[in-house]
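Novice: A predicted structure for the sequence below; I have some questions about it.
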Protein chains: 2
Amino acid sequence: MKATPLRLRTDSADFETAFQARLHWSADTDAAIEQRVADILADVQQRGDAAVLEYTQRFDGLAATEMHALELTAAELKAAFDGLPDVQRQALQAAAERVRRYHEAQKKASGESWSYRDEDGTLLGQKVTPLDRVGIYVPGGKAAYPSSVLMNAIPAQVAGVGEIIMVVPTPQGAKNALVLAAAHVAGVHRAFTIGGAQAVAALAYGTQTVPKVDKITGPGNAYVASAKKRVFGTVGIDMIAGPSEILVLADGSTPAEWVAMDLFSQAEHDELAQSILLSPDAAYLDAVQREIDRLLPEMPRAGIIAKSLNDRGALILTRDMEEACAISNRIAPEHLEVSSQDPQRWEPLLRHAGAIFLGAYTSESLGDYCAGPNHVLPTSGTARFSSPLGVYDFQKRSSLIEVSKAGAQTLGRIASVLAHGEGLQGHARAAEMRLKD
Amino acid sequence: MKATPLRLRTDSADFETAFQARLHWSADTDAAIEQRVADILADVQQRGDAAVLEYTQRFDGLAATEMHALELTAAELKAAFDGLPDVQRQALQAAAERVRRYHEAQKKASGESWSYRDEDGTLLGQKVTPLDRVGIYVPGGKAAYPSSVLMNAIPAQVAGVGEIIMVVPTPQGAKNALVLAAAHVAGVHRAFTIGGAQAVAALAYGTQTVPKVDKITGPGNAYVASAKKRVFGTVGIDMIAGPSEILVLADGSTPAEWVAMDLFSQAEHDELAQSILLSPDAAYLDAVQREIDRLLPEMPRAGIIAKSLNDRGALILTRDMEEACAISNRIAPEHLEVSSQDPQRWEPLLRHAGAIFLGAYTSESLGDYCAGPNHVLPTSGTARFSSPLGVYDFQKRSSLIEVSKAGAQTLGRIASVLAHGEGLQGHARAAEMRLKD
């Protein structure tokens, strides 16, 4: 098996075409899936628990006859945690502590209420409050990631969300002890072993047993993504994730095997995942390719890695690091490694990225698990306009306005003129009445 | 003509049913509109300017043969501003200054980059950057609101967005001088007289003349809303607004005519708008109804007001102010007036609202135009999970991580354990390689 990412060079005449072709990925969803999902949502909205039980039996092979049989108790989550090998229990706890610390700093920096007063006593501000109740979708089966439980539940907990409800499908009853343990560590309040569009529907509309939430976060397959998009508006949702991507900008100073393994760590997620390396050093690109060749046979997921790198990967020779940074801004990657001796020189040039990993020691995998920042990041170029999952996703803001009697005299005159200009006389008169005394 | 909002009392046995029925509003969109919009989007994506020109001719009666004819120059915007009567020019400028000041405070409070270092030198933080380019949709025709231009463009400008593109349909060529003047005041960079789904498509995909943006904000009709929802993911969008609503909590101390006019100021927007008053004082509700009867004939938009109040309005007698606050939290209103002598007593009880107007002098209309906070607010109960439009909507965040060599030793061990637990050996080895030296 060989993994040979496409070699490109920016000074070649056909670079632009080849580069665009490699980046291309379409998020179009299957019309058949969309219809199935619409039917499931309508059914759960109407029949509640009964519908969820039926779908769970049909899709996951769980023969429960009432919803409480599909609820995981707090004791069960704790038992899963207590039953882990020491080293896993400690790693989970250490990761959770670091993630919590980072998100507490985030809340302090950008998530507190504020206000000020005008000279005339008018108060203006914004009150920041947590959501009452959120649902966290955790995929089951082969892509069951306990780290995602931490990354979704901890920001919600730090935000002060009153109730965090986790759903995780357990096909044929197979429970993932690390996922359950992570739910315990992360402070999940209730958990149900349901999944798919039926779980999203249960959270969005509520059933007799599953409480209706205000927002649903967390990754899932095409059915889950389609269901989330459809219930958006009834509840809030986080972003709809595409395939995961890494972009590495390398000045050639990082050991080539480290960078090769970083490309693998993205590629092993999924055949659609994308790993791209940009460097002005042609010999370094050759060295990384040699490490790819050497290391690939050792990888348990070599097949997935090879397909991802062959179909979607690229090693791109740039004129210099500045050009590499400019290309990175065009891609707006989910994960961006600046594998340079002088990362702080390049960081200010990087405008769009989900997370920026600076310096040779900062492998993406450290960020994925335990550095502290969230690993739920905008994919497919959406970092141009969206942000990592954070405490702010579990808070909302209300404007606060308390106009003083003196303030009403100034503001009322302005509002009256503009309201008349818009033909809204009720607005104008409401302002004018406050001018009277 | 009579306007008689439904009278309810919370101590009545059928309150819950009647209350739910009055609140009910469905956001379902018309399948025929959705298909038309999908076709227009696909056409503009494929044919660019030519398609936009055709639709603009067909829907707005503008016979332009090339897109530059539909661009408003900076000189034209300035001329509109210079041509306004003094009082309007000053009001617009005063409103813009107050809105700018508020959003600058908002940026300072919650929109700045931050970072901290661990003891081992590892840097963690978040970089906050403005979007490169945004599109602002401004409705034309009868609902052309210059204040909405300020409320959308100023937060973008304060955020530091590089280019703000406004689109505003001008059916039959009728331009609204106040809208153009507001664009000048708010710092809009380019403006096109196009609207509907074709304008949303031009902004989302870009054409030969209209540059592709990163996010589209601003209100519009069903076609615009459907188009925005459909391009979401390709670009960011703000919320999809439903009918506007006001909830007034009154302890009976505010002149009844003020509150009656505040209810009118919401109702006059739209027959679907909703105005609800909650008070523990039955005599006060009677007094407000008398003011409604007295004031309605004086209102130019009496027909719209009457239909809105009759079909969707309510005056609700509560047991006490605490109960009024609890009901308000269930509704999560867009605009919430606390018309009380002691508004600061009730404010902490109010958990969900787009904007909270405290005290008798704080009419919603002051907030709509010039108090400072944004008037683009979450409707239809979405204040449970979303926020006023703000500087944060025109910024995005990137996580920053720079792991020190010492930090890589601690973090690498944790990441390795968790990655093996998830079956992701590439992740584990990328972390382990950094342990080596």
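Specialist: Noted; the coordinates are in hand. Numbering: from 1, shown residues only, chains lettered A, B, ... in the order given.
Novice: make it CA atoms for all contacts and neighbour counts henceforth
Specialist: Noted.
Novice: So, low pLDDT: which residues of the stretch 101-250 of chain A?
Specialist: A:142-143 (pLDDT under 70).
Novice: Could you check how far the residue in it positioned nearest to chain B is from residue A:133?
Specialist: Closest approach between the stretch 101-250 of chain A and chain B, counting by CA to the nearest CA: residue A:110, at 3.9 Å. Applying CA to CA, to the nearest Å, the value for residue A:110 to residue A:133 is 21 Å.
Novice: tell me, what residue is most central in chain A?
Specialist: Nearest to the geometric centre of chain A sits residue A:376, at 2.8 Å (CA atoms, centre = their mean).
Novice: which parts of the stretch 101-250 of chain A sit against chain B?
Specialist: Residues of the stretch 101-250 of chain A that fall close to chain B, judged by CA under 8 Å from any CA of the partner chain: A:102, A:109-112, A:114, A:124-125, A:129, A:131-132, A:144-147, A:178, A:214-215, A:233-236, A:240.
Novice: What residues does residue A:151 make contact with?
Specialist: Going by CA atoms under 8 Å, 6 or more residues apart in numbering or on different chains, residue A:151 touches A:99, A:374-376.
Novice: picking up where we left off before, what sits against the closest residue to the residue of the stretch 101-250 of chain A closest to chain B other than its chain neighbours?
Specialist: Once flanking residues are discounted, residue A:110 sits nearest to residue B:110: 3.9 Å by CA to CA, 6 or more residues apart in numbering or on different chains. When contacts are counted by CA under 8 Å, 6+ apart, residue B:110 touches A:109-112, B:392.
Novice: Would you mind giving the domain segments of chain A?
Specialist: Here the domain parsing of chain A from the TED database is A:6-11+A:242-384, A:48-120+A:129-237, A:403-433.
Novice: Can I get those domains in TSV including distance to residue B:407?
Specialist: Formatted as TSV, the domains of chain A follow (distance: least, CA to CA, whole Å):
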stretch	distance to residue B:407
domain A:6-11+A:242-384	8
domain A:48-120+A:129-237	12
domain A:403-433	51
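Novice: Can you tell me which of the ones you listed is nearest to residue B:307?
Specialist: For the domains of chain A, distance to residue B:307 was read as CA to CA. The smallest value, 14.9 Å, belongs to domain A:403-433.
Novice: So what would you say the end-to-end distance of that closest one is?
Specialist: 14 Å.
Novice: how far is that domain from where the chain is centred?
Specialist: On the basis of CA atoms, centre = their mean, to the nearest Å, domain A:403-433 sits 43 Å off its chain's mean C-alpha point.
Novice: Going by neighbour count, list what's buried in it.
Specialist: Neighbour-count burial for domain A:403-433 flags A:403-419, A:421-433 (criterion: 16 or more other CA atoms under 10 Å in any protein chain shown).
Novice: Repeat that for stretch A:71-88.
Specialist: Quick answer for stretch A:71-88 (16+ other CA under 10 Å): A:71-72, A:74, A:77-78, A:80-81, A:88.
Novice: From chain B, how far off is the nearest residue to residue A:245 once chain neighbours are set aside?
Specialist: Leaving aside its chain neighbours, residue A:245 sits nearest to residue A:274 (4.6 Å; criterion: CA to CA, 6+ apart). Distance of residue A:274 to chain B, computed by CA to the nearest CA, to the nearest Å: 14 Å.
Novice: what's the answer for residue A:418, then?
Specialist: 7 Å.
Novice: now residue A:290
Specialist: With CA to the nearest CA as the criterion, residue A:290 and chain B are 16 Å apart.
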